[in-house]
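Colleague: Sequence and predicted model, in that order:
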Amino acid sequence: MNVWKETSEYYTVKTDFTKGDIEFIESELDISIPKNYLNILQDQNGGLLVYDSLKVDFKNSWADDHLPFNNLYGISKESTVNDTKNTLSEWGITGKNLLIGGDGTYIYFLNFDYVDTAPAVCYLDISTGDSKEVAESFDELVSNLYVQDDFETFDFDGVTNLRTDTSFHDLVTSKNQEEVISGFIHWIGVNGPTKEVIEEMTRQLNNSSDPSMTMFLAEQLTQFIVNEEKPTYLEPKGVILIFESKNDDNLQVYIEMIKDSIN
């Protein structure tokens, strides 16, 4: 079963993981990573998926019956451990966990608190602080992924530039926060972290006075930087200066993550 979107390397770790990497991660996080998850990552160590949505049976800030899900993180010895510990602890998520995917507002992780060998999949919505189980296992997660027809109302294949695509420009500059977040997530899902979208994100972060929007933009920019495919035109020290200028203690975890990635 091929789950990878062939046209994108976004979220892909260039180097393959080794048995030693897995043993290190499992020891540091006190977990046992599911074999089926590792099997998928052996085909490609992270990246965008051919799917964009996850079926759920509860209403959430995104929709009544699904959540956005279009990527799996690649495994990298140090960053997998650090990202899992830093990101989840910032939002009060404790226990034995492993980050596996997410974009900005929605973060997905395996939770090993109840069954070490068959962890449940949970999500965290950083716009509301909600966290909930979305699948009883990784296998169930994969079986519930699909392509949401509503996305076809946007001409994703025709999008080449944020400034020339009216639909996405209207979304990311909307006064409605949900539309802005949706626009960024969908646009990035098509072309990855291009220079245009990063410029728009940094502009909005500079001007943002809304805590949830600030956290969404900060988390997204941080992921761009710490990812092994980080854009060459995104200057880490400049992003740190923006974060520090916000005088928001909640951004400290992202500042540390960026510093760790460039040291």
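Modeller: Looks like it arrived, so ask away. Residues are numbered from 1 along each chain as shown.
Colleague: and Ile40, that's in a strand?
Modeller: No. Assessed with DSSP: H, G, I helix; E, B strand; the rest coil, Ile40 is helix; it does not lie in a strand.
Colleague: Sketch out the low-pLDDT regions of the stretch 151-263 of the chain for me.
Modeller: For the stretch 151-263 of the chain, the stretches with pLDDT under 70 are 151-168, 189-191, 228-231, 263.
Colleague: One more pass at 80, please.
Modeller: Applying pLDDT under 80 to the stretch 151-263 of the chain flags residues 151-170, 178, 182, 185-193, 226-233, 260-263.
Colleague: What are the boundaries of the strands in it?
Modeller: Read by DSSP state E, counting those that start in this stretch, the stretch 151-263 of the chain holds no strands at all.
Colleague: what ranges do the helices span in it?
Modeller: Per DSSP state H, counting those that start in this stretch, the stretch 151-263 of the chain carries helices over the ranges 166-172, 177-191, 195-207, 211-226, 236-245, 252-262.
Colleague: As JSON lines, those with distance to Tyr114 and mean neighbour count would be great.
Modeller: The C-beta positions use only the backbone N, C-alpha and C, and glycine is treated the same way. Shown next, in JSON lines, are the helices of the stretch 151-263 of the chain (distance: least, CB to CB, whole Å; neighbours: other CB atoms under 10 Å):
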{"stretch": "helix 166-172", "distance to Tyr114": "39", "mean neighbour count": "17"}
{"stretch": "helix 177-191", "distance to Tyr114": "30", "mean neighbour count": "20"}
{"stretch": "helix 195-207", "distance to Tyr114": "37", "mean neighbour count": "17"}
{"stretch": "helix 211-226", "distance to Tyr114": "27", "mean neighbour count": "21"}
{"stretch": "helix 236-245", "distance to Tyr114": "36", "mean neighbour count": "15"}
{"stretch": "helix 252-262", "distance to Tyr114": "27", "mean neighbour count": "17"}
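Colleague: Ile22: which of those is closest?
Modeller: For the helices of the stretch 151-263 of the chain, proximity to Ile22 was assessed by CB to CB; helix 211-226 is nearest, at 19.9 Å.
Colleague: Now do the closest one against helix 236-245, angle only.
Modeller: Here the directions of helix 211-226 and helix 236-245 differ by 160 degrees (axes from the mean of the first three to the mean of the last three CA atoms, to 10 degrees).
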